[in-house]
Structure formats: C-alpha cells, structure tokens
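Trainee: sharing a model prediction with you, sequence too.
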Amino acid sequence: MESRTATGSGGLGVPVLVHPDGSTEVWAPGPRPQRGTDGMPVGALDRLLSTYRAIQASQSDVDEVMRLTVRNARSLLDADFCCIWRSAAPRGRVAAAEGHLVETWAAEVAPEETGVGLCSVDLGSPVLVTDYRAYVDRSAHPVTRYLSGSEGVRTVLCLPLRDGAGGVGVLYVGHRRPRSFGATDVALASALAGQAALALQNGRLRRELDDQHALLAHSVRIAERLSRAADSSGVDGVCRTLAREIGRRVEFVAEPDEEAVAGARTFAVVAGRAQHGALCVYGRPLSAADAVSVDQATGLIAREIVRRQTARQARVRSGTQLLRSLLDGVGRDRPHIAERARHIGFDLRRPVTVVAVAHRGGELAELQLLAAGSSGLSGADVLGAEAADHSVLAVATPDGWTPDGLTGDLLAHPDVGYLGVSVARGDLLAAGDEAVACLDLARQVRGPRVVDAAGFGPLWFLIGAVDAVATMQDHLARSLGPVIAAQSRSGSPLLESLDAYLACGRRLAVAAGRIGVHPSTMKYRLARIRTLLGRPLDGYHAFDLWLALRAREVLVSLGQPGPGGGSPDGRPAKGS
C-alpha cells in the first residue's frame, strides 16, 4: 500500500495510507528500532548537527552536499538503500547513491521521474510506500520496477527537494526487508532533505551571483575595448571589435530594411527618441556574455553617432560664422579669422571656389555634408552659409580639382534647383559675387541648371549684367547677323570657317587645314563673309567678330536663341 501525508504543504503533516483498492486510513508509525529515551537513534542529534555543519561548509559544492545527505540519511535511518534524483530539464539524473546492488544504477535509472518520487514532488510532502511490491503490481513506471527488481526494495520513503527556482529533486530512502519507517525516521529524513534543498537553493543563488559578477566583469572589460575602438575608428571599429569578441559577422546598417538585414538578428541603435539604424549580428544564438557585448556595442554606436552629429553641427556653425565674416569683407589675415579657420581645418591659403545654390527647403548641413563627400574633398574643405534666397558653399580648392563632381552631386539632390559656380580665386569675396551672379543668370535663362563662370572666358564681364542673355544676343545680331542668316539658308559652315580664320591669326592656309578644306574654298567663304558684313575681317573688326563668336558659344551652352529667334549656330530654332 502507498502512504501520503494529509497536507500538501511543505510540512510533515499526518501521513495517510492509500491501499491498492483506493481506500485510505490514518497512518500510524510502525515499531521503531532500538532508540534512546527521546525516540532518536543514539547520537542522532550530534550526527545531525555535524551533518548540518558539513553541508554548510560544502554549500558551494552541490554534488558534495548530495553525497553527505545520502550518506547520513542511510546511516541515521538504518536504511539499505538511499539516493537523490535531481531534475535537469528536460531530463534528470541520479546525483548520489549509497547501498545500491547494481553498480550501473546511476546510468540505468530512467531519467524521467514518474513514480512515487513525482507523487512527493506534486504534493510537496513525504510519500511512504510500505508495500512496494503491491505498488509495483499496479504501476508501469520504469523507475518503480527497477527499484523493486534490480535493487530489491520493499519499503520506500520519498522526500521532495526544491531549490526555490522550480528545480526539484527527490530523496529516496529504502529497505529491502519488510520494515516500515517511524515518525522519527520521517522527521530525520525530512530534516536532511530540507537541509539539502536549502543547500541547493543557496548553491543556485551563489551560481547566479557568480554569473552576475562574471557578466559585470565582462561588461566592464568589453566596454573598455569597444570604447577604445570607438575612439580610434568610430562605428567601424566598434563593429570589428565586437565581431572578434563574439565570433560572428557584425555590421551596422543605417537604414535597415528586410533585404538588408535578412538572416540577421537586429538590435536597434537608439539615442533619445531617435533610432539611428540597427546593429546586425549573424550566426548562432547569443550567449549571455555575447548579449552583454552586443548591448554595450549598440550603446557605444549610438553615442558615437550622436557625438559625430554634434561635432559636425558645431563645425558647421563655426564654419558658417567664418564664411559670413569673409563674405562681409573681413580680411583673412585677421588673427581671429585665422584662428577660427585653423580650428576647423579650413586652409585659407588655397584659392576658393564658391557655389551658390538655389534650393527648396534643403538643410544647409545636409548640402555641406553632400559637398564634403564629393571626390577629392573632405569635411574641412567646405564651408557653408545661408543667404537671402540661396545657400553658399565655399571650397578650399585642392590642386587639380574641378567642380564637376560637386555640381553633379548637388543637382542629384531633390531640393536643389540651380547652381552658380565661380572660378577658383584668391579673393573669396569676389568669388562669392561671381557665383551669385552666375546663379542669377541660371535663374534668368531657365535652361541649364548650372552656370559656371569658367565657361564665359573673355565675356566674364557679362555675368553680372542686368540681362546678360539679351546683351549677348544683341551683340551677336549686330556683329554676325547676316552671316548667321546666310548660313541658315545655305547650310554652308561660314561661322566655323570665320572662327578658324580668326583663331589661326588670319592665316588662310593654316585655317583651311584646320577645318579640312581646300584653301580656295576657305578664300571663297571669307570673301562671302566680307560681302555679307560689308567690312574687313582684320583689326578692331576681327576682335569684335571674335567676341561675337564667343557670345555665340555661351548662348549655345545656355540653350538660348540667337538673333531673330533662330539658333545662334546658324540652324533654325526648334519648332521652326
């Protein structure tokens, strides 16, 4: 028959015998072995205290506590067999055993406890089986049959062990002779089981504390390493160091999407209320220490991004103040100007190219960052400032640098409309005026979105004219109007022949060779031009014609019509 306590609490309670037919009765202790007058085995209290002290001294060694508990429980209860089964999800194990007959007991016992041990765990109280063979006859559990068969157990006392975190164990005490346990036996076994359970709990807490200390120490170490990496190499350095620490591929993605982060675990990089991107970690799941490392890295990356943004904003503000001072005419040789330029790394000794930008709501810092990313430039090479209806970017021009890449990048920005670009000048104030004049011209003609002063050549003085396009059209009409009209009618390349003749110093044979025609053909064309214009092609007239030809080139580049609405190169205007 099986016996259980009447209470489901952790106390001893009153054991109840459960007969095979399901009937119950209050359990009465069987006859005791030879005991002292206090009902305890002789010397039991001294041995129990000694066991307590030994267990306390060994609490950090849980396996030793289990061995002490089993050894003393068997001895104090005069038992034939004693063991402790401990759960270790999803399977359990025999932690310690004394008095077993089969040497392979610990290996052969079923890992899942489903017999009387589980009953004691469910109740949270001791369970006594006085007729184990009768219990086995109505049980299919492998542990039960093993104890009855291979170990020959006749009477079993089971006591639950809990470590306070859900983990459980069972203390088994058994006789191979038909002999029961008394109340004192149950009390002694319960005392030992309680001490063992306390040791389990203390061991768990100590392990948790040790684990926390280890994680804390790891957190300090990894924070130092990642901080050094951030200081020396920024976000890239943090990712490289983290990858070495956790043995996985790591990357930072500023704008994560499903495709960019496929196959990765992502960790948001957040500073304040803003998310700056995600740290992507690939490979196997993270351990606790790896998770701490990743957490430290995300924090440092967020800090580094904010630090860079703050530094960039401060540099932009300082650069804006410097550029405004220079555009207001403050000399670059002033001490405070030189000191401010040195502080932000802007080289005042270089010639300056100024770009005036007409845009719709674009941020100056964004435009300046875009300019600094152009080929051959760094952040220290570009200053920015806001004007009334446009922004101004000043570039300390490196040797061999041209603004083509910069203007291309700016025009690709959705908010940028038109650009005016100065030539590289030592006088920043003059370069600024030139860039603004080019921007005004770009807005007037509404043709090409960029007007570069370098394209005006000898006509640079027209950049700031009230209506430069009309001025060039008038000059072209007065100087070359009849020739343009004749070329439009006949298709003969009169303008190209005149340009080659003037460019070659009015040497007819050289000019003919330059455009690949016979000298007689060149002579005929020049004679026709003299007739159309009614004037010679030398002296002051030659210079006037040369300027008209240069005006024609500018009008063509701006997409503007020539005299009479036709093309300035002598072809009919589109749509005519």
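Mentor: Now that the structure is in, tell me what you want to look at.

Trainee: now the stretch 451-576 of the chain, which segments are flagged as low pLDDT?
Mentor: Confidence mapping of the stretch 451-576 of the chain against pLDDT under 70 gives the ranges 458-466, 540, 562-576.

Trainee: strands along that one, start to end?
Mentor: Counting by DSSP state E, counting those that start in this stretch, the stretch 451-576 of the chain forms no strands at all.

Trainee: give me the element Leu383 is part of.
Mentor: Using DSSP states H and E, Leu383 sits in strand 382-386.

Trainee: what packs against that strand?
Mentor: Applying 3 or more CB pairs under 8 Å, 6 or more residues apart in numbering; DSSP states H and E, one finds that strand 382-386 contacts helix 288-327, helix 364-372, strand 391-396. Where you see a C-beta, it was placed from the backbone N, CA and C, and this is true even at glycine.

Trainee: got CSV for those, with mean neighbour count too?
Mentor: Converted to CSV, the helices and strands packed on strand 382-386 look like this (neighbours: other CB atoms under 10 Å):
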stretch, mean neighbour count
helix 288-327, 18
helix 364-372, 19
strand 391-396, 24
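
Trainee: these: lowest mean pLDDT?
Mentor: With a mean of 82, helix 364-372 has the lowest mean pLDDT of the helices and strands packed on strand 382-386.

Trainee: now that one, how far from the centre of its chain.
Mentor: The chain centre lies 23 Å from the centre of helix 364-372; the measure is CA atoms, centre = their mean, to the nearest Å.

Trainee: for the lengthiest helix in the chain, what is the average pLDDT?
Mentor: For the chain, the longest helix by residue count, based on DSSP state H, is helix 183-246. When pLDDT is averaged along helix 183-246, the result is 86.

Trainee: which strands or helices does the helix or strand just after that helix pack on?
Mentor: Next helix or strand after helix 183-246 toward the C-terminus (DSSP H and E): strand 250-253. Strand 250-253 sits against helix 183-246, strand 274-281, with contacts defined as 3+ CB pairs under 8 Å, 6+ apart.

Trainee: at 10 Å instead, please
Mentor: Applying 3 or more CB pairs under 10 Å, 6 or more residues apart in numbering; DSSP states H and E, we find strand 250-253 packed against helix 183-246, strand 265-271, strand 274-281, helix 288-327.

Trainee: adding distance to Ala134, write these out as TSV.
Mentor: TSV is the format used below for those (distance: least, CB to CB, whole Å):
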stretch	distance to Ala134
helix 183-246	20
strand 265-271	56
strand 274-281	59
helix 288-327	49
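
Trainee: for the stretch 301-450 of the chain, what are the low-confidence residue spans?
Mentor: 362.

Trainee: what's across from the residue nearest the centre of the chain in the sheet?
Mentor: The centroid of the chain falls nearest to Leu279 when counting by CA atoms, centre = their mean (2.6 Å). Counting by DSSP bridges, Leu279 forms beta bridges with Phe252, Phe267.

Trainee: need the contact list for it.
Mentor: 235, 238-239, 242, 250-253, 256, 261, 264-269, 294-295, 297-298, 301-302 (CB atoms under 10 Å, 6 or more residues apart in numbering).

Trainee: one more time with 6 Å
Mentor: Counting by CB atoms under 6 Å, 6 or more residues apart in numbering, Leu279 touches Phe252, Phe267, Val269, Thr298.

Trainee: likewise Leu411?
Mentor: In this structure, Leu411 makes contact with Arg449, judged by CB under 6 Å, 6+ apart.

Trainee: rerun that using 10 Å as the cut-off
Mentor: Val357, Gly417, Tyr418, Leu419, Arg449, Val450.

Trainee: isn't the third one up against Leu441?
Mentor: So the one you mean is Tyr418. Yes - with contact defined as CB atoms under 10 Å, Tyr418 reaches Leu441; the gap is 9.3 Å.

Trainee: overlap of the contact sets of those two?
Mentor: Taking CB under 10 Å, 6+ apart as the contact rule, Tyr418 and Leu441 both touch Val451.

Trainee: quick one: the longest helix of the chain to chain centroid distance?
Mentor: So, by CA atoms, centre = their mean, the centroid of helix 183-246 is 26 Å from its chain's centroid.

Trainee: and the angle from it to strand 265-271?
Mentor: 70 degrees (axes from the mean of the first three to the mean of the last three CA atoms, to 10 degrees).

Trainee: what's the helix or strand harbouring Tyr135 packed up against?
Mentor: Element membership for Tyr135, per DSSP H and E: helix 132-137. For helix 132-137, the packing partners by 3+ CB pairs under 10 Å, 6+ apart come out as strand 2-5, helix 142-149, strand 155-162.

Trainee: least reliable of the ones you listed going by mean pLDDT?
Mentor: strand 2-5 (a mean of 46).

Trainee: which among the contacts of Leu279 gets closest to Thr69?
Mentor: For these, the minimum distance to Thr69 (CB to CB) is 44.9 Å, reached by Phe267.

Trainee: tell me who's in contact with the closest one.
Mentor: Phe252, Ala278, Leu279, Cys280, Val281, Leu286, Ala291, Val294, Asp295, Ala297, Thr298, Ile301.
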